[in-house]
Every structure is written in structure tokens, then in C-alpha cells.
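> quick one: sequence plus predicted model below, questions after.
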Amino acid sequence: MTTPTAVTFSETDIDRLGDHAGRIGLIVDAAGRLDVAGRRVNRLCKGALKRALEARVEAGFKEGDSLTLAYPAGMAAEAVDVICLARNAAEIPARHAGALLGQKRGKADLLLVAGALRRAAWVVQGAVLRDYSFRDHKTSGEVPEGAIEVMANDPAAVEEAVAPLLAVADGTFMARDLVNEPANILTTTTFADRLTEMTALGLKVEVLEEDKLEELGLRTLLAVGQGSASPSKVVVMQWDGGADDAAPLALVGKGVVFDTGGISLKPAAGMEDMTMDMGGAGTVAGVMRALALRKAKANVVGLVGLVENMPSGTAIRPGDVVKSMKGDTVEILNTDAEGRLVLCDVMWYAQERFEPAGVIDLATLTGAIIIGLGHENAGVFSNDDTLCNAFLKAADAEAEGAWRMPLGQAYDDMLKSPIADMKNIGGRPGGSITAAQFLQRFIKEDMPWIHLDIAGVASLKSPSKLAPKGATGWGVRALDRLVADMFEKG
Ligand code: BES
Ligand code: MN
Ligand code: ZN
């Protein structure tokens, strides 16, 4: 488990700036104006800060820019990182400013000089979010080092504002760890174990094993896992922070711990990427963790379908027909279109058992969504404008890319099967949309629903503003905010 860097808070004391041995983070506006702490640093380093800044301001110093004074003479610090940010900056630029500090921290102790900065808490969250690295399998003594100290005029206020933001960062780290974990370590069983550990946070966690799933009739989910030595599971996580009688929001995640494609085997090149095919389940777990850590006043239930898609003598074959929990039959023409087979049963089970106020499913569902939207936006499919717009607004406020895609009868028609109620593939055109149409067949009438295809955003090959390369934890922030906006008000 990667634990977020420890953060402590203290009152502004500019007399300590000369003695801090790690890195110092200073926030300066675009005009290069120094506050009292900045002026002290400048005096300690005999004017070097002001001179460096003047040159930068001349060349154009704007939000997102930074300047580093390494080993400044007259100070114990190994570096002073100067970040450009307006005093009254909005949440997103404040978080990005913090991310620059988190990226530069390395193993040093970071002293963030926040003074009276309005969005100090967001700077802190950004620093923590970017300060992530997946080290669980490094044997060379690479243990995390260093901490973050926030010096502020009102440290108690910053600490209070930062608490829920750190809960969300913690949930994001959980999602990233799960996604980065290789499939020989994160089997369906260890995945379920990690989720079960969250009972310590006050979540109700229940693991449904194969015999139970068989009894309930989740046959399409079981079909996907039947070629694997790892048993298929559904894990149900409940957070009851809201009113007793309030219907919960249901989050459903695709948790294919490894997707070989099954008998419709994927090509060898890049197959290792399919260790992230449980990204939907990872995000659901991360959101549940964040909600529990910040004690959200809402009822939310998270369900994940954990399976491994393997080719073997017991695997499903192309052409097999399987009956879903709903009762509809599916002709499985391509065993690599397995995510929808997992989700459809879990979504149906979620609606039958919880009668939720809405269903949001997340899945690394199609390569086609990467062709359509690249790595900038997740695909958003919905039957309900109110829920969908609330989600898009939350995603925008959290700077998590999300783009609405269409649904429609003509796409649904592409799933017609000559021998069963539907096929599991609709052909290459509109591949992400036909996948979403397949899922919609398992959403009850009038049930508000969003499907998020996160194949392009769950894990990246290069670093992003808030994460190093690898898992991003996409969706934890947006969904946490959606819960706050829609389910915790009033
Ligand atoms: N897990 C994949 C989708 C995927 C692709 C996720 C790339 C992340 C990166 C999914 O199970 C899959 O194999 N989808 C097929 C569907 C096709 C057979 C209809 C695909 O996208 O090719
Ligand atoms: Mn697949
Ligand atoms: Zn898959």
C-alpha cells in the first residue's frame, strides 16, 4: 500500500526559513511580488531570489511556471521552489501549483510556506496527489522518505479544509495501487482481501463467492472467469452515511484482474497492459475509501465484479450462449468482449438488491474509446440528463476529462443475434457505443444510469499533472464530488 506523504501544519514563523534543511515551497504571483516570507528568503540568500524572479517576470512568469534556487547560499535548504500562483487563485490552479512541489520533493522534507494563501488546502492536495510512486516491488531499500509541513497564518483552518481533500487523495492512491499491481499479486482473492480490509474504516464489505453467484444466476460473469484458476467474486461495499431511508447511489466496477482476451486471445505485444483491466473496480474501491475516510453524509454502495479472463480447457468459446442473471441470453462471439458480460450481471444484481437512486458503472471497456477520445477524456454514456450533467460538472470542477457520447436504437440493433437475445459484440463501427448499448439492456426502465468507459484514462504511458506514469486514479475525485453535490446536500 502506498500511503500518502504525511502532512503537518504549523504557524507562520519566518525565523525558521533559514534553518529548514529540505526544500522550501514559496508561492509568488505573476508580478513576482514577495510576501513577508519571500522577503525573508530573499534577505537570507542575499537578493538572489529577487534577481532570479525579476529575470523570470521579464520573460513572462505565469500560473503553472516555477523557478528553483538550488543550494541557496545563506540557507540550510537544498532548494527553494518558487511557484507562480495568484493569491486568490481558483482550486484547479492551486492544486496544480502544489503538484509541481510534490513532483520536485523527492526524498526531502518540504516546507510549504502558505501564509494567507486562500486555496492553501488545494495546494496541499496537489502536492500529495503528485507525490506518488508505486514502490511495493522495489527491493533496493527504496522506502518512502520525507514529509510535508505546511506553514500558514491560520494552520488550524488549513488543516480543517485539507482533511476531506486528503481523504480523496488517499482513495486515489488506493485506486492507483490496485491498477499498478501486477496480476500475479492482485488476483481476484487478494483484491477481495484488500477491499475487506476497509471494514476497519466503517464500510460494510461482503464477498460473494462462486457458489453464491451460481445460486443467484450471475452466469455471464461466471462464464468470463471459468477458464481461470482464480475464483470469480463479487464484492459489495456499503457506506451508510446518509438518512436511513435514502436510496443509495450504486457504483459498479469492472474488475478483470487480467484480460488475455480468453480463447479470442489478444496479440502478445502490449498484453501486459491488461493488468489494468480492473481499473473500474479500482476507482470504485478508491471512491468508497474516500467516502469512508471523510465520513460522507450519503448512502453509497460499491459493487465490483472480480474475474480473470484466461484461455484454457474450461474457458468459454466463441459461439457459446450464456444466460444472464436478468434472464436474457447472450451469444458470446468474441471472448475478448468480456467486460460487458461481467458488468451486466453485477449491474442487474445491484438494482435487484439495492433499488438504488442511480447506477454509475466504470470500466476499461473498449479500445475503441481510446481511438475516439485518446487519453484526455473518458467516454460518458447516459440515459439521464440530470445525473449526467451533474457528473460532467463534477468532473470539470475536478479537471478530470469526461466527454458525453451518444446512445440510440440503431446502435442497439447492431447487437441482434440470430440464436440468442443478443450478441456480445456489435462490430467495429462505434465499438464503444455498442458496448454501452449492451450495458443499457441491463438497466431497468427509469433507472438513472451513467456508463464511464475509462480504457484511455485509467493508466497512462507518460506522467500527467497529478500523477507519475502508470495509474491515474481517474474518477475518484469526480465521483466523490458528485456524491457531495448530489447526495449530501440538504
Ligand atoms: N479490456 C479491453 C479494453 C481495453 C483496451 C482496455 C485497451 C484498455 C486498453 C476489453 O475487454 C476488450 O478487449 N475490448 C475489445 C472489444 C472487442 C472485442 C469488441 C476491444 O476493445 O478490442
Ligand atoms: Mn477484453
Ligand atoms: Zn477487458
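Perfect, thanks for sending it. Ligands and ions are numbered 1, 2, ... in the order given.
> please make it C-alpha for all contacts and neighbour counts, starting now.
Will do.
> residues touching the residue of the stretch 301-450 of the chain found nearest ligand 2, list them.
Of all residues in the stretch 301-450 of the chain, residue 336 sits closest to ligand 2, at 3.6 Å by C-alpha to the ion. Residues counted as contacts of residue 336 (C-alpha atoms under 8 Å, 6 or more residues apart in numbering) are 259-266.
> swap in residue 456?
Neighbouring residues of residue 456 by C-alpha under 8 Å, 6+ apart: 364, 367, 369-370, 373-378.
> and those, which of them are buried?
Listed as buried from those are 364, 369-370, 373, 375, 377-378; burial here means 16 or more other C-alpha atoms under 10 Å.
> count of neighbours near the residue of the stretch 101-250 of the chain found nearest ligand 1?
Among the residues of the stretch 101-250 of the chain, residue 224 lies nearest to ligand 1; the distance is 10.6 Å by C-alpha to the nearest ligand atom. By the criterion of other C-alpha atoms under 10 Å, residue 224 has 30 neighbours.
> returning to that earlier point: and the residue of the stretch 301-450 of the chain closest to ligand 2, which of the three is it?
coil (DSSP: H, G, I helix; E, B strand; the rest coil).
> residue 8 now?
Three-state assignment for residue 8 (three-state DSSP): strand.
> run the chain-centre distance for the helix or strand containing residue 351.
Using DSSP states H and E, residue 351 maps to helix 339-354. Between the centre of helix 339-354 and the centre of its chain there are 21 Å (C-alpha atoms, centre = their mean, to the nearest Å).
> now stretch 32-52
38 Å.
> hey, where'd the strands end up in the stretch 51-200 of the chain?
66-70, 79-84, 110-115, 148-152 (DSSP state E, counting those that start in this stretch).
> for the stretch 301-450 of the chain, same thing?
With DSSP E, counting those that start in this stretch applied, the stretch 301-450 of the chain shows strands at 320-323, 329-332, 358-363, 378-382, 402-404, 422-423, 449-453, listed in chain order.
> follow-up on the earlier one: which of the strands of the stretch 51-200 of the chain is buried the deepest?
Greatest average neighbour count among these goes to strand 110-115 (a mean of 26), per mean count of other C-alpha atoms under 10 Å.
> which helices and strands sit right next to it?
Under the contact criterion of 3 or more C-alpha pairs under 8 Å, 6 or more residues apart in numbering; DSSP states H and E, strand 110-115 touches strand 23-28, strand 148-152.
> could you dump these to CSV with distance to ligand 2 and mean pLDDT?
Listed next are the helices and strands packed on strand 110-115 as CSV, based on distance: least, C-alpha to the ion, whole Å; pLDDT from 0 to 100:
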stretch, distance to ligand 2, mean pLDDT
strand 23-28, 45, 97
strand 148-152, 41, 98
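> would you list those in a markdown table and tack on distance to residue 206?
Converted to a markdown table, these look like this (distance: least, C-alpha to C-alpha, whole Å):
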| stretch | distance to residue 206 |
| --- | --- |
| strand 23-28 | 44 |
| strand 148-152 | 36 |
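> with distance to ligand 1 added, can I get those strands in a markdown table?
Putting these into a markdown table (distance: least, C-alpha to the nearest ligand atom, whole Å) gives the following:
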| stretch | distance to ligand 1 |
| --- | --- |
| strand 23-28 | 37 |
| strand 148-152 | 35 |
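> export the buried ones among the contacts of residue 456 to CSV and tack on pLDDT?
Listed next are those as CSV, based on pLDDT from 0 to 100:
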residue, pLDDT
364, 99
369, 98
370, 98
373, 98
375, 98
377, 99
378, 99
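> and ligand 1, which of these reach it?
By C-alpha under 6 Å from any ligand atom, the members of those lying near ligand 1 are residue 364.
> now this protein, which segments are flagged as low pLDDT?
Where the chain drops to pLDDT under 70, the residues are 141-142, 490.
> from residue 317, how far out is residue 415?
Residue 415 sits 18 Å away from residue 317, going by C-alpha to C-alpha, to the nearest Å.
> same thing with residue 16?
68 Å.
> now do residue 257
From residue 257 over to residue 317 the distance is 20 Å, taken as C-alpha to C-alpha.
> so which of those two has more stuff around it?
residue 257 (30 against 19).
> now do the helix or strand hosting the more buried one and strand 449-453, the angle between them.
Assessed by DSSP H and E, residue 257 sits inside strand 249-259. Calculated by axes from the mean of the first three to the mean of the last three C-alpha atoms, to 10 degrees, strand 249-259 forms an angle of 30 degrees with strand 449-453.
> can you tell me if strand 249-259 touches ligand 2.
No. Strand 249-259 lies out of reach of ligand 2 by C-alpha under 5 Å from the ion, never closer than 5.5 Å.
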